[in-house]
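please find the sequence and the predicted model below.
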Amino acid sequence: MKNEVRLIGGSFRRSKLPVADRPGLRPTPDRVRETLFNWLGQDLHGWRVLDAFAGSGALGFEAASRGAAEVLLLEQDAVLVASLRQSQQRLGAAALRVERTDALNWLARAAPARFELVMLDPPFDSGWAADAAQAAAPLVVPGGFLYVESPAPLPSPPGALQVWRNLRAGAVHAQLFLQPA
């Protein structure tokens with residue numbers, strides 16, 4: 001582990017997560033995470049949250065820190081999974097679960113309308129954002145959100161979702177979509 005990212009809000013505020021030097025891993029910058037949780041509101045009590053392509057876990061741990069009832073982190077890389085589990089234990093993040101799996105395949109077979117928030121931050125230059133967003137759209141409950149972070153904005157909203165907010169910070173394009181109620 002050569003770097004770390006600091007959680008910015010909630011009960012785990014100021015806690016640090018290790019960031020391994022792995023291909024395609026670029027943790028969501030502080031400013032972007034802060035903006036995302038300002039858009040969503042700081043209190044996620046009762047929310048079920050999915051952080052696919054978890055990487056450092058910064059997005060999922062931020063959701064857990066803000067009171068989400070259930071946070072599922074999906075990650076395929078064994079080194080990152082071990083790091084996520086260590087951080088979960090160290091912080092006592094009881095609402096958080098880590099699953100080692102291929103996120104695209106998991107999204108394609110998951111039950112629909114299961115999460116209030118789905119966050120997608122695939123490996124930065126993988127080109128998976130649009131496919132992952134299409135697969136994730138049905139998992140969002142009515143009134144819920146899909147967050148997508150990628151090098152370029154998605155050309156159109158996935159499924160029946162509507163653009164709610166968007167942001168560009170350096171090379172990062174962040175989009176928040178709403179599932180109509």
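Arrived safely. Residues are numbered from 1 along each chain as shown.

what is the longest strand seen in the chain packed up against?
For the chain, the strand reaching the highest residue count under DSSP state E is reported as strand 140-150. Applying 3 or more C-beta pairs under 8 Å, 6 or more residues apart in numbering; DSSP states H and E, one finds that strand 140-150 makes contact with helix 30-40, strand 115-120, helix 129-136, strand 172-178. C-beta: built from backbone N, CA, C; applies to glycine.

need the contact partners of it.
With contacts defined as C-beta atoms under 8 Å, 6 or more residues apart in numbering, strand 140-150 is touched by 28, 32, 36, 40, 59, 113-122, 124, 129, 132-133, 136-137, 154, 158, 161, 164, 172-181.

with stretch 174-181 instead?
Surrounding stretch 174-181, the residues in contact under the criterion C-beta under 8 Å, 6+ apart are 28, 32, 35-36, 39-40, 133, 137, 140-150, 153-154, 157-168.

that one: which residues count as buried?
Along stretch 174-181, the positions that meet the burial threshold by neighbour count (16 or more other C-beta atoms under 10 Å) are 174-179.

surely Pro123 and Ala52 touch.
No - with contact taken as C-beta atoms under 8 Å, Pro123 and Ala52 are classed as non-touching, separated by 11.5 Å.

so these two - more neighbours on which side?
Each of Pro123 and Ala52 has its neighbours counted (other C-beta atoms under 10 Å); Ala52 has more, 27 against 17.

ok, the more buried one to Lys16 distance?
Distance of Ala52 to Lys16, given as C-beta to C-beta, to the nearest Å: 23 Å.

returning to that earlier point: tell me what the following helix or strand past the longest strand of the chain is packed against?
Tracing the chain C-terminally past strand 140-150 and defining elements by DSSP states H and E, one meets strand 162-169 next. In terms of contact count using 3+ C-beta pairs under 8 Å, 6+ apart, strand 162-169 is assigned the packing partners helix 30-40, strand 172-178.

per-residue confidence averaged over strand 162-169?
Averaging pLDDT along strand 162-169 gives 95.

so how far is Pro158 from Ile8?
To Pro158, Ile8 is 27 Å away according to C-beta to C-beta.

more crowded one of those two?
When Ile8 and Pro158 are compared for neighbours, Pro158 comes out ahead with 22 against 17, by other C-beta under 10 Å.
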